[in-house]
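> Predicted model and sequence below, questions to follow.
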Amino acid sequence: MSEIRYTLVSDGSSDRALLPILTWLVRQHTAECPIQPEWADLRGLRQPITTLAEKIRWSLLLYPCDILFIHRDAERQPREDRVVEIEEAVRVAAPSASCPPLVCVVPVRMQEAWLLFDEAAVRRAAGNPRGRERLDLPALADVENLPNPKQILHDTLRTASGLHGRRRLSLPVHRYVHRVADLIEDYSPLRSLPAFRALESDVQHLLISWR
C-alpha cells in the first residue's frame, strides 16, 4: 500500500486532537508508508445534520478514505453500547460494499483524558516549557475516572502558562489542547488504559488483515 488515508468522524472540532493519537497508532502497526489523516469538517454544509448516520454519509462523500474512525465518548455508557450505536449508524449511512473498514474510538469519558499524562507536552503547549508551576496532573491510572477531563486539561494549561489575571483567562486553551496532542511523541503509556488498549487492538487487527 503506497499510503493510508483515514478520516475521523467526531462530534466537534475539539476532537481533532485525536488525529495525532490515531496516526501514532496506525504507525505502530504498519510499514513506513505515508499516512494522510483528515478530520471530517462538516461545518460548512447548508443543511443541518441531525443524526450520526447523516454525518457518516457526508463524511464518506467529502472525505474518501481507507479507514474510517468514528469517535464517541462513552459518557457513562458501556463501550459496547457505543460500538453498537456506531455500527448501526454505519449500516444506515452506507451499504457494506461502499464503506471502508471501521474503527470505533470510544474513550471512557472524553478524549482529553488521553492527553493528561505528559507534563512536558502540556508546558510546551502552554508556551512556558521551563515553568515551575505545580500542575498536579492526575495519575494515569485515574484519568478515565475523572468527571470532567476537558476542564482539568484547560485549567492545567492555564496554570502551566504562568500567566495571571486577564491574560490567563484569555488563553486560547482549545487551540492549546491540539498543540498538546501534536507535541506528545509517545502514546505508549496509554496502553495501561482498557479503552486505549481496545482501540489499539482494533487498529492492529484491521491492519494485519490488509497484509
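Structure's in. What do you need?
> any idea where the strands of this protein begin and end?
Using DSSP state E, the strands assigned to the chain run over residues 4-9, 35-39, 67-71, 102-105.
> Buried deepest among those, which one?
Counting by mean count of other CB atoms under 10 Å, strand 67-71 has the highest mean neighbour count of these, with a mean of 24. Any C-beta I mention is one placed from the backbone N, CA and C, and that applies to glycine too.
> Name the surrounding residues that touch it.
Residues outside strand 67-71 that contact it (CB atoms under 8 Å, 6 or more residues apart in numbering) are 4-11, 15, 18, 22, 26, 52, 56, 59-60, 86, 89-90, 99-106, 111, 206.
> cool, and stretch 136-152?
Taking CB under 8 Å, 6+ apart as the rule, stretch 136-152 contacts 14, 107-110, 112-114, 116-117, 119, 122, 156, 189-190, 192-195.
> Swap in 7 Å and give it another go.
108-110, 112-113, 116-117, 119, 156, 189, 192-193, 195 (CB atoms under 7 Å, 6 or more residues apart in numbering).
> list the buried ones in it?
Within stretch 136-152, the residues scored as buried using 16 or more other CB atoms under 10 Å are 137-138, 140, 143-144, 146, 149-150, 152.
> neighbours of G131, just the number please.
Around G131 there are 16 other residues, counting by other CB atoms under 10 Å.
> what's the closest non-adjacent residue to it?
Excluding its sequence neighbours, the residue lying closest to G131 (CB to CB, 6 or more residues apart in numbering) is G162, at 4.9 Å.
> next one: phi and psi at the one you found?
phi 80, psi 0 (degrees, to the nearest 10).
> got a list of what it touches?
Shown in contact with G162 (CB under 7 Å, 6+ apart): 128, 131, 133.
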